[in-house]
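> this is a predicted model, with the sequence first.
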Number of protein chains: 8
Amino acid sequence: MNDDLRQLLDDVAAGRRPVDDALHALETLGISAVGDYARLDIGRAARKGVPEIVFAAGKTSDQLAAIVARFLERSAAVVGSRVSAEQAEAVRMAVNGVVEYDARARMLVVHGLAYESPPKRGAVGILAGGTSDVAVAEEAAIVCREMGVTVSTAYDVGVAGVHRLGGPLAAMIEDGVGALVVAAGMEGALPSVIGGLVDVPVIGLPVSTGYGFGGNGEAALMGMLQSCSPGLAVVNIDNGVGAGVTAALIARRGAI
Amino acid sequence: MNDDLRQLLDDVAAGRRPVDDALHALETLGISAVGDYARLDIGRAARKGVPEIVFAAGKTSDQLAAIVARFLERSAAVVGSRVSAEQAEAVRMAVNGVVEYDARARMLVVHGLAYESPPKRGAVGILAGGTSDVAVAEEAAIVCREMGVTVSTAYDVGVAGVHRLGGPLAAMIEDGVGALVVAAGMEGALPSVIGGLVDVPVIGLPVSTGYGFGGNGEAALMGMLQSCSPGLAVVNIDNGVGAGVTAALIARRGAI
Amino acid sequence: MNDDLRQLLDDVAAGRRPVDDALHALETLGISAVGDYARLDIGRAARKGVPEIVFAAGKTSDQLAAIVARFLERSAAVVGSRVSAEQAEAVRMAVNGVVEYDARARMLVVHGLAYESPPKRGAVGILAGGTSDVAVAEEAAIVCREMGVTVSTAYDVGVAGVHRLGGPLAAMIEDGVGALVVAAGMEGALPSVIGGLVDVPVIGLPVSTGYGFGGNGEAALMGMLQSCSPGLAVVNIDNGVGAGVTAALIARRGAI
Amino acid sequence: MNDDLRQLLDDVAAGRRPVDDALHALETLGISAVGDYARLDIGRAARKGVPEIVFAAGKTSDQLAAIVARFLERSAAVVGSRVSAEQAEAVRMAVNGVVEYDARARMLVVHGLAYESPPKRGAVGILAGGTSDVAVAEEAAIVCREMGVTVSTAYDVGVAGVHRLGGPLAAMIEDGVGALVVAAGMEGALPSVIGGLVDVPVIGLPVSTGYGFGGNGEAALMGMLQSCSPGLAVVNIDNGVGAGVTAALIARRGAI
Amino acid sequence: MNDDLRQLLDDVAAGRRPVDDALHALETLGISAVGDYARLDIGRAARKGVPEIVFAAGKTSDQLAAIVARFLERSAAVVGSRVSAEQAEAVRMAVNGVVEYDARARMLVVHGLAYESPPKRGAVGILAGGTSDVAVAEEAAIVCREMGVTVSTAYDVGVAGVHRLGGPLAAMIEDGVGALVVAAGMEGALPSVIGGLVDVPVIGLPVSTGYGFGGNGEAALMGMLQSCSPGLAVVNIDNGVGAGVTAALIARRGAI
Amino acid sequence: MNDDLRQLLDDVAAGRRPVDDALHALETLGISAVGDYARLDIGRAARKGVPEIVFAAGKTSDQLAAIVARFLERSAAVVGSRVSAEQAEAVRMAVNGVVEYDARARMLVVHGLAYESPPKRGAVGILAGGTSDVAVAEEAAIVCREMGVTVSTAYDVGVAGVHRLGGPLAAMIEDGVGALVVAAGMEGALPSVIGGLVDVPVIGLPVSTGYGFGGNGEAALMGMLQSCSPGLAVVNIDNGVGAGVTAALIARRGAI
Amino acid sequence: MNDDLRQLLDDVAAGRRPVDDALHALETLGISAVGDYARLDIGRAARKGVPEIVFAAGKTSDQLAAIVARFLERSAAVVGSRVSAEQAEAVRMAVNGVVEYDARARMLVVHGLAYESPPKRGAVGILAGGTSDVAVAEEAAIVCREMGVTVSTAYDVGVAGVHRLGGPLAAMIEDGVGALVVAAGMEGALPSVIGGLVDVPVIGLPVSTGYGFGGNGEAALMGMLQSCSPGLAVVNIDNGVGAGVTAALIARRGAI
Amino acid sequence: MNDDLRQLLDDVAAGRRPVDDALHALETLGISAVGDYARLDIGRAARKGVPEIVFAAGKTSDQLAAIVARFLERSAAVVGSRVSAEQAEAVRMAVNGVVEYDARARMLVVHGLAYESPPKRGAVGILAGGTSDVAVAEEAAIVCREMGVTVSTAYDVGVAGVHRLGGPLAAMIEDGVGALVVAAGMEGALPSVIGGLVDVPVIGLPVSTGYGFGGNGEAALMGMLQSCSPGLAVVNIDNGVGAGVTAALIARRGAI
């Protein structure tokens, strides 16, 4: 059950590996070669199709380019969120790989030369209540796609016109999505309404649209947390990346 | 246009009223006999069918009974909100009139002996999202009825089962309600959904049900304020009386 | 009572419409052809004189122009709020209609070529406590006018000089306004004072003037929600559009 | 794809069902027999192994007993949360079924006589940081079990002794749990730490333990929302039921 | 100008007081015998008619009695605020003096046997918006009276009936009050209205009446802080004692 | 006691003034000629040495210039707060009077040609904890001076070096200041310390210096409200004008 | 540098320890036998004189007794905070050791039979602003004493009488305290004042005394965080235990 | 023990110093020559190696340069925090000394010509969770170094990769650091994790990184305050200077 560690001990016992070397291996690995705890982390490093994700806000173009380049050495795909056009250009200049930039979602996707698309596995539906919620919803969509998950989207299906929701939602359910990401600003009621209609896990994604009292996304967050629809969990305001990763992790499970 | 004041001046001019007496009348009336401003207030005292309303919370039974009795001298109807059973009993003992107590809504209605029902005028629809919102919704209903407004109610039509909403709402619209009061706790999405469906003014009534972050009614209030459905205005958390008075004022206008 | 649906069923029963076609119609319509619920929405589409309203903040000039143009296809009037001069100019270039821009209120009104003024119905009074509240109050005024409601205004009648209030308020009441919109920043006491004087429904409109603790409009909002004047409901901070729509809906009822 | 509706239309077309009767059926069903939207809801009613869930707080024993009894007519299993011992006893007296009460979690499970356990499908791991978080964690565990999901738990693995976490967490991963629920009060760091170690979706469950500033669970909620571990979504403070339903929905997907 | 200190130095210079003794005097006095700073404090101890004030909440009856007794040794008058009837009784048993207890204001006044009323100096007017604000207003009144200030009061003059305000307010101004204390809960607009009418300093005293959002006195506090009436300063919610002391200090100045 | 009104009634009684004319006078005056309430306001208009005060923030240079010019017609002195250099220049161009601008305090003082300094009456001491609090403190100083009150100031006497406080404070007390304004940002402890040393009323003026949690002046405000020093009242954050007016009103009382 | 691990590897290499046994040792220790990380924890277990600390609030008497008994097996001293008299009695019944209970501080100290006092090392001074802060301050004092640190205390030295502070504070400094704990409620200014006078690290301990806005200790916390006295760090409201442990850790360093 | 004061008294007693002169000396010194309280402050002035610290934000370049120059007259070292490049340049021009500017930390260090490095005493470890926390952490590092304390740093050791933490932390402990400063934004869990591993006092330094709800550093602050690791105290958000001073004060104690 703990094969790496057993191998190391076996090697030491058999004199195949000097004690000093073994000790150093453990120490330089930190805890990573030892115990169940460590094994989990090794498993993580080996996961396929999980991009490294960099939060670009507050970094200079140079800093971002350097970080992306470093990550690209150990991961075939790097995703940047909250990336400005200038930052994207700087990365493009600095790295040896394929760089795509989505200006609306302010997302950057960089694929190293050795990159292979992850095998398609699972599907996620992403809905948004209004046009101003789309940028954040697209954050989630891009992350899902990078994780090999098929994405279908339906934007502009807000609560004020709740009858427009039926068709797209039904299509998603029929397509067998494993999770829904529902982005909504202002009062943030859409995830709650959808959670009352379907039995697929819903990730509520509050968006910082709105104005006045609670207009920074707090009303949306609070409303989703208060929702009487069980089966609804939320991420932080504007955290499209977090919603996308969670939904993709859900959708990939059990998908063939 | 300012008949009381003109009469007074005429009387003074004609020597029918001494200046000192006129001066004193004005002063003891405060501003009430003078100017448009004052006339409004006189008009108010003369309004038919508007009960006096007493907020009973934090008053002793004796204090409440005394206040109700005093109000009953100048108004044929007195309504008490947040009234405990003990308080209600104390009022019943103390006043000379017909006392009704609604334990669920914790509302007390007292009619003096000279009371005549106000003429029926206008209709209000009152909806509530869940059983725990009913007590506050009933506050509104009782106030409306005391103001001579017909009330129709539909409780337990919350967002999680939004399809249950259609029938009752349509019936209310068809009955020609002049305003809707929509009570909702937790995420408070119901008024927003309804505001997107109808063109009757909606009074959102946030209720202090829920738990955790925003569970004291703040999530509901914030959500209603953020609503993207125009035509929705709100009152404070659990303020069923305020919602009822506002809705009744709206509904009585233009009703024959 | 549900004529569209009955017609469809009659046609099916009479063999005038194949089942598959009827089924598809229902499904593609979503819920829109069926039940009272749907009918309400159809009723809404048919409402006369209700402009489409677009919140321009956070949209590029191009996006706004495109949205306004699209709305203009199905509605003869489109109103934009929080519109910058640049955005207004972009819309003017893009649409085929009459474009008016009010720089103070930052409101845009666009009338399609087929536009006819809605018939005049009802009146609303709009009051503001200070000069800095006027822009938001004008949002409400413009929306009311677009809905065919007569507007009378009285600005600069704040609580600190409450005696200046009497004349204009009395004039409005005499003119038979069906609702009052009262805009106030800082401590937001004006709606409460007015609500104590008149028996017309009052829509409190908190404005984000002020400074320090509660200076973003929160003090005004809180004060209006706490008001001891029943008959007062509020909209969110700076939500002049919402206040205007609500007041217009109220005023149009019962007006001839 | 919409069999109920097709059947109805077929019956009407074939003259087997009068138009009036069909019309009434649709109307009394609300929108439930029509369109994709409705179908979803019908699908929901037919879900196997999803208990009805009642929030008992704020209900009298009589009210709760009545609600549980009513629910038991249409669902073989009913779960009550925040149930006091008195309430539990009242339900036991009132219903004809098997009643189990967990005093620590304050959860009530009622199975009707026709109840059959749902087939086992999927597994969820539930972890808690301290002994005071266990009651809320158990809410989640009970809900999961009622949904046919296998539950393994590890309590008292808080961040202050993070090394105690390795073993149980590894065992859960090895057992193939489809989701983790991680309950934590005070600073709420545990879900974040775990989210950094595993690639299973984590549902953060903030608990209202702690004291002073942020001690009502708000610190825990905020910390989880801020987490830099993607793949972590949260429910409201103390919402064990919501966490359990979400985790169970995730775990059942793709499980054989 | 610094007589105590000069005396001490003179005594030392004249050999009337040994250095060690002088040094000890200074040290045991802390800084109290030295410098301008200290002199102020000595001046304070000598002030006539300023009672010691004890905040009784959270103290046992025994603790309170002991503290009052100790204070009574050095001050002829002791005032207790937030005193329960039990606490008052305990004090009465424990001290050798005249004990008066005001149950409504929950204030206790204890006069030692050597107590002489302070000479009457200055006048304060105290107004309250509603009956529930009276207890807190009375806190202020009692403190003022103990400080030798004449108090006139006008309760139940809230904003909703602002015209009732004129008479009592004018009487107070005419009586030459040096300051006004205006207690108000809910939206707390009364001090603002009054501040706009008079040129006497107004101490706003927010009261924790009200409900829902801002109902703990925060709306009143915020509103007073936002007031556009200059000449208005505030104390904390329910701090009648602080309002009373401040108003009395103002009123005593310049009074003969 | 109500001479204007008596005159009017006398004139009417004597036939010197027609009823219609008298009626109109009262109405156009609003309530201003009638009752005690009105008299107060008339009294206010007649106050000497009280400048009109304009809050310039959020006004264009043109708007500000126009307002100042209008005010200058009825008041010999106008003060502007939060005035930018550009605004000040615009006013200078627009008005016929003496314009002084204090760039640090961002205050503008405009004296009409007929302006005479108010007679000196009373004294106020103004203290500030740090250099960044000086601008706000100077707001208060300028307002006091315009009201004819002598001002002495001591800046940079913060709590961290509380021993520097003694000298200046003693000097102020000795000079007989009638009130102290104490400006402090960050933790705002200075007014509390001073309030414990002196028996002059203290106006706490919280300043929006500081950073992080509570750094917008909220910590200072909260601390002053919580102060255990009675005799301390506060104004809103950065409200130097309000603090100055209040202190000047206090100081002028009783001063010869 | 990692002796435990090296020993283990040496033993394995030398055949003194079978691989299976070594593997098991590592796994059952979790990560505790491996790497620097783990060694730290072993080091912690070996610390002398650090009691186990149990937060008793929200635990039943039985639960508390069981936890204390379990802790007593591995630690000679156990401290309980927020312990009620009933809980204390239950512990006394259940454990085999010396039990002391401090009712004012609600602290419980249990010493196992093998307990030896830790050697005295270092000194801490604890000051409190008012009598209501003493209970929390005593929490800190008891924890310090259990850690072998000498404690000197000075209570009732609040800011309002800051001159009382000098003597005790100087005595503490002279006694060579290594850290100060300063407890203060209301505005919480005392730690800031003290931090400006001494160069010993100060741990601010905000206490939940006070009332109204910020009265739950939030004003005190905020004030301390804003303090302009560097060298001041804070713990959460009422967290006497945390303040005590931190101060004791500081004081023990470098003490002989 | 109070030598300055005794000397003065001796001189007065011996006639070596006239009383007037002694009196004046005390007064002009304020309280600084007298009593324990004052002595502390004299001690402070004599502290070696404590730089004066100036908060530059909100000051003009000229103001800052003037302040630094003034401080340099009485202190050999001056540190500026939140200094812009422009401000730094202005100081460089203005002062006669060695000026170093760290652009990342925005810290300025100015040494007068007579500056001598303080003797090295004690060591502090500084850790940061992410690259965006480094600037604030460096504030602490620079302050520590100016106080003669050796600093070792480990950045990018956040909770999401908690296993990277072991090595650097162990090295610091081995090097005998007397205190740790742990900077963390977002959920701020790192100080809590570290506090559970070591028995060195930890100063939590919350950083204003993050986004959405609690993203301004409030989540980090709250989490650290809630930490269940005793031995952890915190400073305000982004207050690197305060953390550095506190840690240096701790580390210097007991260090040889």
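All right, it came through fine. Numbers count the residues shown, from 1 in each chain, chains lettered A, B, ... in the order given.
> could you use CA atoms for every contact and neighbour count after this?
OK.
> quick check: bridge partners of residue A:179?
Note on residue A:179: beta-bridge partners by DSSP bridges are residue A:124.
> can you check residue A:151 too?
Assessed by DSSP bridges, residue A:151 has beta-bridge partners residue A:124.
> check contacts around it.
Neighbouring residues of residue A:151 by C-alpha atoms under 8 Å, 6 or more residues apart in numbering or on different chains: A:123-126, A:141, A:144-145.
> do residue A:179 as well
Counting by C-alpha under 8 Å, 6+ apart, residue A:179 has contacts A:123-125, A:200-203, A:247-248, A:250-251.
> ok, and the most crowded of those residues?
Within the contacts of residue A:179, neighbour counts (other C-alpha atoms under 10 Å in any protein chain shown) peak at residue A:247, which reaches 34 neighbours.
> about what we covered before: tabulate the contacts of residue A:151 (JSON lines), appending distance to residue F:182 and pLDDT.
Formatted as JSON lines, these follow (distance: C-alpha to C-alpha, whole Å; pLDDT from 0 to 100):
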{"residue": "A:123", "distance to residue F:182": "63", "pLDDT": "95"}
{"residue": "A:124", "distance to residue F:182": "60", "pLDDT": "96"}
{"residue": "A:125", "distance to residue F:182": "59", "pLDDT": "96"}
{"residue": "A:126", "distance to residue F:182": "56", "pLDDT": "97"}
{"residue": "A:141", "distance to residue F:182": "55", "pLDDT": "97"}
{"residue": "A:144", "distance to residue F:182": "57", "pLDDT": "95"}
{"residue": "A:145", "distance to residue F:182": "60", "pLDDT": "95"}
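> just say helix, strand or coil for residue A:245.
Following DSSP: H, G, I helix; E, B strand; the rest coil, residue A:245 is assigned to helix.
> can you tell me, leaving aside adjacent residues, what's nearest to it?
Excluding its sequence neighbours, the residue lying closest to residue A:245 (C-alpha to C-alpha, 6 or more residues apart in numbering or on different chains) is residue D:231, at 5.2 Å.
> looking at the contacts of residue A:151, which is nearest residue F:135?
residue A:141 (50.6 Å; C-alpha to C-alpha).
> contacts only, for that closest one.
A:126, A:151, A:244.
> so which strand or helix has the nearest residue to residue A:104 once chain neighbours are set aside?
Excluding its sequence neighbours, the residue lying closest to residue A:104 (C-alpha to C-alpha, 6+ apart) is residue A:135, at 5.6 Å. Taking DSSP states H and E as the criterion, the element that holds residue A:135 is helix A:134-146.
> buried residues in that helix?
A:134-146 (16 or more other C-alpha atoms under 10 Å in any protein chain shown).
> pull the number of nearby residues for the closest residue to chain H within chain A.
Taking C-alpha to the nearest C-alpha, chain H has its nearest neighbour within chain A at residue A:237, 4.7 Å off. By other C-alpha under 10 Å, the residues close to residue A:237 number 28.
> kindly report the same for the one 3 residues further on.
Taking other C-alpha under 10 Å as the criterion, the count of residues near residue A:240 is 28.
> quick one: the strands in chain A?
With DSSP state E, the ranges of strands along chain A come out as A:52-55, A:77-81, A:97-102, A:107-112, A:123-128, A:150-154, A:179-184, A:202-206, A:232-234.
> before we move on, back to that, among the buried residues of helix A:134-146, which two are most distant?
A:134 and A:146 (18.2 Å).
> quick check: residue A:71 touching residue A:52?
Yes: the pair formed by residue A:71 and residue A:52 meets the contact definition of C-alpha atoms under 8 Å, at 7.0 Å.
> who touches both of the two?
Overlap of the contact sets of residue A:71 and residue A:52 (by C-alpha under 8 Å, 6+ apart) consists of residue A:78.
> skipping adjacent residues, who's closest to the residue of the stretch 51-200 of chain A found nearest chain E in space?
Going by C-alpha to the nearest C-alpha, chain E is nearest to residue A:187 of the stretch 51-200 of chain A, at 17.2 Å. Distances taken as C-alpha to C-alpha, 6+ apart put residue B:223 closest to residue A:187, at 4.2 Å, once the chain neighbours are dropped.
> show me the contacts for the one you found.
When contacts are counted by C-alpha under 8 Å, 6+ apart, residue B:223 touches A:186-189, A:219-220, A:223, B:187-189.
> chain B contacts on chain A?
Taking C-alpha under 8 Å from any C-alpha of the partner chain as the measure of proximity, chain A contacts chain B at A:159-162, A:186-189, A:192-193, A:195-197, A:210-215, A:219-220, A:222-229.
> so for the residue nearest to residue A:187, what's the pLDDT?
What the model reports for residue B:223 is a pLDDT of 90.
> what does the one 5 residues further on give?
Here the pLDDT value assigned to residue B:228 is 70.
> how close does it sit to residue C:56?
Taking C-alpha to C-alpha, to the nearest Å as the measure, residue B:228 falls 14 Å from residue C:56.
> got any ranges where the stretch 51-200 of chain A has weak pLDDT?
Residues of the stretch 51-200 of chain A meeting the criterion pLDDT under 70: A:158-164.
> what residue in it comes nearest to chain G?
residue A:74 (24.5 Å).
> tell me who's in contact with the residue lying closest to residue A:115 once chain neighbours are set aside.
Nearest non-adjacent residue to residue A:115, counting by C-alpha to C-alpha, 6+ apart: residue A:76, 5.0 Å away. If you count contacts by C-alpha under 8 Å, 6+ apart, residue A:76 has them with A:51, A:111-116.
> can you check residue A:69 too?
Residue A:69 sits next to A:94-95 when contact means C-alpha under 8 Å, 6+ apart.
> could you rerun that using 10 Å?
A:63, A:75, A:78, A:91, A:94-97, A:110, A:112 (C-alpha atoms under 10 Å, 6 or more residues apart in numbering or on different chains).
> redo the residues you listed as CSV? Include distance to chain E and neighbour count.
Converted to CSV, the contacts of residue A:69 look like this (distance: C-alpha to the nearest C-alpha, whole Å; neighbours: other C-alpha atoms under 10 Å in any protein chain shown):
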residue, distance to chain E, neighbour count
A:63, 44, 16
A:75, 50, 20
A:78, 46, 24
A:91, 49, 24
A:94, 53, 15
A:95, 53, 18
A:96, 56, 14
A:97, 55, 20
A:110, 48, 26
A:112, 54, 20
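> pLDDT at residue A:232, what is it?
Reading off the confidence values, residue A:232 has pLDDT 92.
> wait, residue A:44
If you check residue A:44, the pLDDT there is 39.
> ok, residue A:132 touching residue A:184?
Yes: counting by C-alpha atoms under 10 Å, residue A:132 touches residue A:184, with 9.0 Å between them.
> so the residue of chain A found nearest chain G versus residue D:172, what's the distance?
With C-alpha to the nearest C-alpha, the shortest gap between chain A and chain G falls at residue A:13, namely 4.3 Å. For residue A:13, the distance to residue D:172 (C-alpha to C-alpha) stands at 31 Å.
> count the neighbours of the residue of the stretch 51-200 of chain A closest to chain E for me.
By the criterion of other C-alpha under 10 Å, residue A:187 has 35 neighbours.
> who's in contact with it?
A:159, A:206-207, A:209-210, A:214-215, A:217-224, B:187-189, B:192, B:219-228.
> now do 7 Å
Contact analysis of residue A:187 by C-alpha atoms under 7 Å, 6 or more residues apart in numbering or on different chains lists A:219-220, A:223, B:223-224, B:226-227.
> distance to residue H:179 added to those, as CSV?
CSV is the format used below for these (distance: C-alpha to C-alpha, whole Å):
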residue, distance to residue H:179
A:219, 41
A:220, 42
A:223, 43
B:223, 46
B:224, 50
B:226, 47
B:227, 51
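> narrow these to those in helices?
Judged by DSSP state H, helices contain the following of those: A:219-220, A:223, B:223-224, B:226.
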